[in-house]
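the sequence and its predicted three-dimensional model are supplied below.
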Amino acid sequence: MIKQYDSQDQRHEVSSYLYTYACHEDERELCALELKRLLDTEPQPGYVETPIAISPERSPFVHYRLDIQWEAHSLEALEQLAVQINVLNEREDADLPTFYSHGDEALRTFKLLCLDAQQTFSYEEKRQLERRIGMCIHGKAQMKQPQLLFGMAYSGGRWVLGRCYLAESVWLQHNDKPRHYSTALSTRVARAAVNIALPHPTGRTLIDPCCGIGTVLVEALSMNIDIVGYDLNPLAVQGARENLQHYGMPNIVSIGDLRQLKGSYDALILDLPYNLCSVLEEDERLHMLQAAARLAHTQLVISTENIANSLAEAGLTVQHICHLHKGKFTRYLWLCSYQF
C-alpha cells in the first residue's frame, strides 16, 4: 500500500520503492527468484525499483529500502527539492520497522545515504553527494545515531530522494537454535524459500510436511506467516518443538506422514530427504510428490538432483527453477503449480 502525506508534513506521496541488495555468487539465482516473487519485478544488478512495498527485513538479501518521494533530472533540481524537507516535521511511520529507535518527540537529527542503483559511485563520490544534498535539508545532521534516515540514488534516468530504511538481519538471530541438522537449510536459504513459496502471505496458509528441525517454520513464523509443520521422524519433531520454544514461537508441528496428510493450503515447501540415512527410491519420491500436489496449488520442492521427470509424472508444472551451489554440492529449487 502506498501511503500519502499532506503538504503540512513537508512530505510527498511515495511514487515507488527502491531496494538495494547483495548476495554471494553461489546464491545469485536464489536471490533473483526471491526478489522477483516478492517485488513482481525483474531485479537489476544490485537494486530493484517497484511500486510494491515490503518490510526490508523480509528478504535476507535486501539491505535498504528507499521510499521515493522526490524525483529530479539533475542534482541542481534535487537540491531545490531537498530544501522542502524539514526534519522537525518528519515523524516515524508506525507501520514500518526501522533500525533507529526513538520516542514520540519530533525528530531532529538525520543522516543522508547515497545508495548505488542504476549508477554506482566511489566512496568519496558518495560522501560528496551526501554533503551536497544533505546541506539543503532543514535539520541537524548526525552520522552515528541519527533519528531519521534519508536516501538518495540515481535510478531510472533521474535522481531520487526520500525516507530510507535499513534491513535488520532477523534470520541471523535464528542460527543459535538448540537443535541442528548438518543437512538442514541455512536460515538465509529457508527465509528465501518461504518468500518464494508464499510471497504475499496475508490471509494465506503454508505447510512444511517434512519440516525436520523446523528451520523453515522458524523463518515463516518470524514473518507472521500462517504455517504448520509435520515430520515422520519423532526425534525431528521433538527437535523442531525445542527450536520453536527457544524463540517463543507456538508449537505448530506434529508427527505425520506426508503421504497420509489431508487438507488444503495455499503453498507447500518440500525439502526432500537426501542424507545417507534417507535415500529415496524413485517410487517413494514419486508418491511423496503426488501427495504434496494434493495439499496445495503451489509447491516449492527442494532436491539434490534433477527430478524434472518425477515432477512431471506427479502432475506438477515447473514454473521456475534455480540452483543453489555450495562447493561441489548443488540444491535444486523447483517452484511448481498443480491444477486440481
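Right, received. Where do you want to start? Numbers count the residues shown, from 1 in each chain.

hey, what's Gly151 bridged with?
Leu113, Gly162 (DSSP bridges).

which residues are in contact with it?
Contacts for Gly151 were tallied using CB atoms under 8 Å, 6 or more residues apart in numbering; they are 18, 64, 66, 112-115, 161-164. In this view, the C-beta of every residue, glycine as well, is placed from N, C-alpha and C.

can you map out the helices along this protein?
Using DSSP state H, the helices of the chain run over 28-39, 75-82, 123-134, 187-197, 215-222, 234-246, 282-295, 308-313.

quick one: closest of those helices to Arg331.
Comparison of those against Arg331 by CB to CB identifies helix 187-197 as nearest, at 7.9 Å.

got the contact list for the closest one?
By CB under 8 Å, 6+ apart, helix 187-197 touches 27, 30-31, 33-34, 37-38, 58-61, 171-172, 174-175, 185, 206, 215-216, 218-220, 223, 225, 267-269, 298-300, 302, 324, 331, 333, 335.

Tyr21 against Phe61, yeah?
Yes - with contact defined as CB atoms under 8 Å, Tyr21 reaches Phe61; the gap is 4.4 Å.

so how far is Tyr332 from Phe25?
Quick fix: residue 25 reads Glu, not Phe. To Tyr332, Glu25 is 17 Å away according to CB to CB, to the nearest Å.

now for the helix or strand bottoming out on mean pLDDT in the chain, which elements pack on it?
The weakest-scoring helix or strand in the chain, judged by mean pLDDT, DSSP states H and E, is strand 140-141 (a mean of 90). Here strand 140-141 touches strand 109-114, going by 3 or more CB pairs under 8 Å, 6 or more residues apart in numbering; DSSP states H and E.

got the angle for the strand it packs on vs helix 75-82?
If you take axes from the mean of the first three to the mean of the last three CA atoms, to 10 degrees, strand 109-114 sits at 150 degrees to helix 75-82.

and Asn175, how many neighbours?
For Asn175, the neighbour count with other CB atoms under 10 Å is 11.

so how far is Arg28 from Gly327?
Applying CB to CB, the value for Gly327 to Arg28 is 16 Å.

so these two - more neighbours on which side?
Counted by other CB under 10 Å, Gly327 and Arg28 do not tie: Arg28 has more neighbours, with 15 against 6.

now do the contacts for the most centrally placed residue in the chain.
Of all residues in the chain, the one closest to the mean position by CA atoms, centre = their mean is Ser59, 1.7 Å from it. Going by CB under 8 Å, 6+ apart, Ser59 touches 19, 21, 34-35, 38, 167, 191-192, 195.

what's the neighbour count on the residue nearest to Ser222 when sequence neighbours are not counted?
Sequence neighbours aside, Val170 is the residue nearest to Ser222 in space, at 5.8 Å (criterion: CB to CB, 6 or more residues apart in numbering). Around Val170 there are 17 other residues, counting by other CB under 10 Å.

just to check, Val170 is in contact with Val218?
No - contact criterion CB under 8 Å: Val170 and Val218 do not qualify, at 10.2 Å.

low-confidence ranges in the stretch 151-300 of the chain?
For the stretch 151-300 of the chain, residues meeting the criterion pLDDT under 70 lie at 274-280.

same check, this time on the stretch 1-150 of the chain
1-12, 90-107.
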